[in-house]
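Chemist: quick one, what's the 3D model for this:
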Amino acid sequence: RTMIHQSRSEAIENEQQHEMRTVELERVRIDAVSNEAQLVRAKRQVSSLSSRLEAEKRCNAESKDEYESKLREKDEHIILEQQLAHDQRMKQQKEVDDLKIK
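Modeler: Numbering: from 1, shown residues only. Next up, the predicted model:
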């Protein structure tokens, strides 16, 4: 009788452990699905941020090119002004020299 009672107790205990393991396994499955969803979201975020970074890089490169182009234009303008001023001085000097000769 004790053997039967002990076997029944073990059977009940085994059944409870089986239910606990089943519940734990289901919890692990739910966590895995949740983790997978988080991973998918994280991958989307990385992709989005990567695209945005590339767009910003292109924009920065265009801005840099534009800035350098404007600097070149300014430099060219300054050089032309200097040449003009030099030509003006030479013309005036020639006029002064011409007056001295007369």
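
Chemist: tell me the mean pLDDT over the host helix or strand of Glu66?
Modeler: Here Glu66 sits within helix 2-101, counting by DSSP states H and E. Mean pLDDT, helix 2-101: 94.

Chemist: any idea how far Arg52 is from Leu39?
Modeler: As judged by C-beta to C-beta, to the nearest Å, Leu39 and Arg52 stand 20 Å apart. (C-beta placed from N, C-alpha, C; glycine too.)

Chemist: please compute how far the helix holding Glu66 lies from its chain's middle.
Modeler: Between the centre of helix 2-101 and the centre of its chain there are 0 Å (C-alpha atoms, centre = their mean, to the nearest Å).

Chemist: what sits against Gln92?
Modeler: Not one residue lies near Gln92 by C-beta atoms under 8 Å, 6 or more residues apart in numbering.

Chemist: how close does it get to Gln83?
Modeler: Counting by C-beta to C-beta, the gap from Gln92 to Gln83 is 15 Å.
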